[in-house]
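>>> pasting the sequence and the predicted model now:
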Protein chains: 2
Amino acid sequence: MDQSIVREILDKVRAEGREALTAPEGKQICDAYGIPAPWEGLATTPDEAAALAEEIGGPVACKIVSPEILHKTEAGGVIVGVEGAGAVREAFDKIVANAKAYNASASITGVLVQQMASGGQEVIIGATTDPTFGKVVAFGLGGVLVEVLKDVTFRLAPLDLAEAKSMVDGIDAAEVLHGVRGADAVDVDALAAVIQRVSTLVTDFPEIREFDLNPVFAAADGAIAADVRILVETGEVTEPVRPSQEEILRVMNRLMNPRSVAVIGASDTEGKIGNSVMKNLLGGGYAGEIYPINPKADEIMGRKAYPAVGDIPGEVDVAVFAIPAKSVAAALTECGEKGVPAAVLIPSGFAETGNQELQDEIVAIGRRYGVRMLGPNIYGYYYTPQNLCATFCTPYDVRGGVALTSQSGGIGMAILGFSRTTKMGVSAIVGLGNKSDVDEDDLLTFFEQDDNTQCVAMHLEDLKDGRAFVSAAQRTTKTKPVVVLKAGRTDMGARAAGSHTGALAGDDKVYDDILRQAGVVRAPGLNEMLEYARSLPLMPAPKGENVVIITGAGGSGVLLSDACVDNGLSLMDIPPDLDEAFRKFIPPFGAAGNPIDITGGEPPSTYEATIRLGLEDPRIHALILGYWHTIVTPPMVFAELTARVVEEFRAKGIDKPVVASLAGDTEVEKACEYLFDHKVIAYPYTTERPVAVLGAKYQWARAAGLL
Amino acid sequence: MDQSIVREILDKVRAEGREALTAPEGKQICDAYGIPAPWEGLATTPDEAAALAEEIGGPVACKIVSPEILHKTEAGGVIVGVEGAGAVREAFDKIVANAKAYNASASITGVLVQQMASGGQEVIIGATTDPTFGKVVAFGLGGVLVEVLKDVTFRLAPLDLAEAKSMVDGIDAAEVLHGVRGADAVDVDALAAVIQRVSTLVTDFPEIREFDLNPVFAAADGAIAADVRILVETGEVTEPVRPSQEEILRVMNRLMNPRSVAVIGASDTEGKIGNSVMKNLLGGGYAGEIYPINPKADEIMGRKAYPAVGDIPGEVDVAVFAIPAKSVAAALTECGEKGVPAAVLIPSGFAETGNQELQDEIVAIGRRYGVRMLGPNIYGYYYTPQNLCATFCTPYDVRGGVALTSQSGGIGMAILGFSRTTKMGVSAIVGLGNKSDVDEDDLLTFFEQDDNTQCVAMHLEDLKDGRAFVSAAQRTTKTKPVVVLKAGRTDMGARAAGSHTGALAGDDKVYDDILRQAGVVRAPGLNEMLEYARSLPLMPAPKGENVVIITGAGGSGVLLSDACVDNGLSLMDIPPDLDEAFRKFIPPFGAAGNPIDITGGEPPSTYEATIRLGLEDPRIHALILGYWHTIVTPPMVFAELTARVVEEFRAKGIDKPVVASLAGDTEVEKACEYLFDHKVIAYPYTTERPVAVLGAKYQWARAAGLL
């Protein structure tokens, strides 16, 4: 890779104030990075053109080269399939004449004589600068159908060859590239190499705003681009400021594990936000210092009150703001002067109400003093390991492994209600609101190393810095699942996001592909996010892909199988010896295979024997149980035996994910609760949910490299 | 349409024991039905071939014609693009030589000289005989990509032009046919006409097993098939026996509204099925006669017992079988002799355990005596308007508008538990089990005219007679929604269905398209089927497509918008006057437009005013409410005001579907119950479910022709 050539060309283009590169410039850049572009040369006379064509051999394409002519075809500046010296000379003249007619003042550099790439499969390889994620590479099939079907895939640049290959295999029509109807398979390695080089190029030169190889002809023996189009950023190219991981962690640690909390706007008056926050801090049992700030009171709820943060004798880790928007700037300045590292800005009345100016002002204050800010426009936050309930909402204190964040207050309330009703154990619930400063990657950086957190679930409408998020998510995913509910998924949804929290949702396909690249488990909806959050920390990581369904209801077995396919799970192909082992326990007309249909009238011992076998055999990696309510095996009997057997194996060090679907009368609800209490994921009246949750766990395990 | 030509050809082919038609035969059949096939002629000598080619003009295709050579290309029997008399003669000789080399004993009829159809867009039009649905037509794009992406659609034959056009528009890549990248739009009417004619042809001649026009070249000025392939049924062609609607209704009426029920195997012994059935019949309050049948008892539960059905003095409408499988045949014969019209066969031990023979035996008995049979291998059935609980399961008596059926007992138990926990009002719950006789179309025929039923929800793994189901569903859908959970949707699922209830699940794409054609609302999973069943009867039919979201939580608004797109709902483009009207009620920073974001801190009056406006304005057809739990507007306050306003409008004759998503602490659960009690569909902790339910209602309304 010859960076100096590229540097020189780009500098020249930018110096000339040009946005688009000429074809020869594009070719030079491709050559410098080993991106196969067609053999070509620039001709300034008809004879030069004819000579070049002879040198190249075969039919050639002739294209106008002029900095002023961007749409060459429109200008009549392209003639393809030209063969023979006479025809080439003629084409030269015609193109130049067309170009002059199109734009009399255009300066004509010459005519590009280009090898005609053709044959094989047309694909598109490109790169663009996404507002959220920065440099992003794209791969898709060429042609009308794919344009219509939008079969294209994206990744963050740069990427390695393996990731590039995953793009080639990641389109719906990938089979076409592997040879169908007797056609040759294309050279996937060559395609991956091109993608990888493009990703390196745009990373090395951030001023390349857009890069298009369209089409690329992919054949069995390589890939060659037929056309190159490069656009550069004419303005300034800046990268977002990113504090180091250590820096983030230092402040986040003080935010989540504070030794002292000041409540600015603390109040004795019922119904005020400053009153609710004080009550929740005190009632929740937070053990650190609590400093009420209120210039009109000496004491609030038995704690000495101070007129201002500056008056507090000791150090303050967190300042919770419970004052109107207009008073925030002054109080924040005081926090800065006092050296408070973290401010929790509950008040609304900033960007979300159109007051961007006021938000910009507080962001500037925060930057100046190095105060990191949560919010504004949030409900506050909970961190149960510290009994910390710094919010005006209802308190919550059931400890557990999941940390949840939400960009919207409404979703925060839904998290709270769902948590309480399902007794979901949480480590943290954090409101992010307008995300003027602290955002998902800051929190992920904390949760990544937080031993109290085994799973992170985030509701988000946008990402301020997609790249920082991806790297935090990729790190975190290695040890714990990150579940994301990305709102504004659809065009219509994205439009709605535009009118909320000042956020502009990006194109969902880019989000979807890159969240997957980040190893994130994407929840399709709010309820799924909540159920994944509740269940994932309770399940061990699976050690392999072999899933087995054991069911008392054949009907459930069919639906559970459907759900396995929907959720990307592999039903194990039961080997004969295992099949035989299962058959020993089930009636002759029961179906072994997978699902294993033990049939409906069986006693508890049949459920127990088959579940035991499923846990025992090391070739089986996860179990899906389908229970059918009968008098012979009532719901609680099933629940108790299942929990007992699973726990017995856990004690022996054999811990596999076990999920259950319970079909029966209302007693199954209590049975499901019992199973959940014993870390067996169980749902009544649904065959889809338990499988979806298991699917989410598998998705994480694959992303974490465990499978 | 000249049926006599087709009849003649097909009779000849079948008389000769052939399966495949020759190309000239195919061409003749196409011509007879106005299906545009290329101009062609059969040549038996090189000179004839040359003459034909000259007559046709332009390049021609030469193809071997031999009854023994089915795969012409493989045999070297096809040469395309032949032009000029010499070349045509040469091609003739070469083809004949190749064919002889390929199969020395093949009788060579001659060489087909065919106009080369080309240009335009390649599509495939075909027909096949589906084991479930009979004659089915197919339409898809031609080419490798579509083969890979499986972008094809099916409909029941015959169909009208409108339905045929819906096929052309029903493929994912339909845009390609309407002209992209400057290409001409193809003649959709011409394509629809071809599809329609093919559908008529295969309907008129059931012995045509498969029919392929592949490819058809579709252009701006018409469509022409380049190749025709027709396969006929060599064996006997039979149609299933279908009782008339009146006949079905007569028996179903006696089954669902019986004046008397005999319980064969009635018992005083706790735990026996015959004991549970008796208890449920008596306990449920069924007012008709109950006749216990038990040769060893004089009286059971206070009712006179009879040794056999024949001993009962009065008429018997329904006989419930609670005896072992092996005793069923004899008892059924007695029922036949007694003239009992309906038998409910609870026992298992038939086809589902591999005992097909026993099942065939009872089917024969039923046919002989004209006894219609439910089951075997079922839990029985419930019909609440008659307080009829003829089942060994737990009783259920909450009356309401939904009739549910299930092929599997486990799913039946899930229906029961879900019903009880949600207080779902049902008219009927019916087990279908092995469907040896009565199946979904029989029940639909009853529910269609049953005023107690406003919605039908069916779990099924297969359809014994898909065509009968479609016509019953199409009729029923006109007045009430039919929800179907089709299990065995996926390849993996279909495999599992194969091992259950003796059912072989069909290809899901065929099912999916034809269920849509039937006007059925397909539930993606068990829980959705249950929720649709619960909610659809509570909602009025929408009168138009304009959906408006009113939300207190902007975050919910975005997610609700996502869900609208996912569920095929149209967010209304709010006209300026309406926008202004909404803006009067919401804070200046709230977002009008759609979603209408009233912002989180608003009092009940804001919710009320905006909901009123939404109900009042006739341009709005349905409301989706997003509630955010705050102290200012607590959950029950929201629930009460919403129910009150909706009911006030209902009383005035303005009834629109209203669904709500409640985000908040656990109090929202009670609020949702309250709203459901007042026929406002409301769910906590989910933005997807209320919208999915509304989407299902819309799907039905469209199928019913109401929109």
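Cool, the structure landed. The structure displayed is predicted, hence computed values, not measured ones.

>>> tell me how chain A divides into domains.
A:3-115, A:121-232, A:245-377, A:396-538, A:540-703 (automatic domain parsing).

>>> measure the first one end to end?
The first and final residues of domain A:3-115 sit 25 Å from each other (C-alpha to C-alpha, to the nearest Å).

>>> near chain B at all, it?
No - Domain A:3-115 stays clear of chain B (C-beta under 8 Å from any C-beta of the partner chain), getting no nearer than 11.4 Å. Every residue, glycine included, has its C-beta placed from N, CA and C.

>>> just how off-centre is that domain within its chain?
Chain-centre distance of domain A:3-115: 41 Å, with C-alpha atoms, centre = their mean, to the nearest Å.

>>> with the longest one instead?
Domain A:540-703 sits 30 Å away from the centroid of its parent chain (C-alpha atoms, centre = their mean).

>>> out of the domains of chain A, which is the most enclosed?
Mean neighbour count (mean count of other C-beta atoms under 10 Å in any protein chain shown) peaks for domain A:396-538 among these, with a mean of 23.

>>> hey, where'd the strands end up in the stretch 551-700 of chain A?
Ranges of strands in the stretch 551-700 of chain A, per DSSP state E, counting those that start in this stretch, are A:570-571, A:596-597, A:622-628, A:658-663, A:681-684.

>>> my guess is A:A523 meets A:V484, correct?
Yes - because the distance of 6.8 Å satisfies C-beta atoms under 8 Å, A:A523 is recorded as touching A:V484.

>>> shared neighbours of the two, anything?
A:457, A:529 (C-beta atoms under 8 Å, 6 or more residues apart in numbering or on different chains).

>>> A:V137: what secondary structure?
strand (DSSP: H, G, I helix; E, B strand; the rest coil).

>>> pretty sure it contacts A:F154?
Yes - contact status for A:V137 versus A:F154: in contact at 6.9 Å, counting by C-beta under 8 Å.

>>> mind listing what the residue nearest to A:L231 when sequence neighbours are not counted touches?
Once flanking residues are discounted, A:L231 sits nearest to A:E210: 4.2 Å by C-beta to C-beta, 6 or more residues apart in numbering or on different chains. Residues in contact with A:E210 (C-beta under 8 Å, 6+ apart) are A:126-129, A:229-231.

>>> can you confirm A:E210 is in a strand?
Yes - remark: A:E210 belongs to a strand, assigned using three-state DSSP.

>>> centroid-nearest residue for chain A?
Chain A has A:L515 as the residue nearest its centroid, 2.0 Å off, counting by C-alpha atoms, centre = their mean.

>>> could you find the closest non-adjacent residue to A:D298?
A:A305 (5.9 Å).

>>> for the one you found, report the pLDDT, please.
For A:A305, the pLDDT comes out at 97.

>>> do the same with A:G119
On pLDDT, A:G119 comes in at 73.

>>> next, count neighbours for it.
When neighbours are counted by other C-beta atoms under 10 Å in any protein chain shown, A:G119 registers 11.

>>> residues in contact with it?
A:217, A:219.

>>> roughly how far apart are it and chain B?
15 Å (C-beta to the nearest C-beta, to the nearest Å).

>>> run through the bridge partners of A:L571.
A:V547 (DSSP bridges).

>>> residues from the stretch 301-450 of chain A in reach of chain B?
Residues of the stretch 301-450 of chain A lying close to chain B by C-beta under 8 Å from any C-beta are A:348, A:352-354, A:393-394, A:406-411, A:413-414, A:416-418, A:420-421.

>>> which of these fall within helices?
When DSSP state H is applied, those are split such that A:409-411, A:413-414, A:416-418, A:420-421 fall in helices.

>>> my read: A:V144 touches B:G179, true?
No - contact criterion C-beta under 8 Å: A:V144 and B:G179 do not qualify, at 10.0 Å.

>>> which pair of the contacts of A:E210 spans the longest distance?
Largest separation among the contacts of A:E210 by C-beta to C-beta: A:T129 and A:R229, giving 14.5 Å.

>>> residues contacting the closest residue to chain B within the stretch 1-150 of chain A?
Proximity of the stretch 1-150 of chain A to chain B (C-beta to the nearest C-beta) peaks at A:V148, 4.5 Å away. Applying C-beta under 8 Å, 6+ apart to A:V148 gives the contacts B:173, B:175-176, B:180.

>>> B:S661: which of the domains of chain A is closest?
Shortest distance between B:S661 and the domains of chain A, using C-beta to C-beta, is found for domain A:396-538: 8.4 Å.

>>> that'll do, ta.
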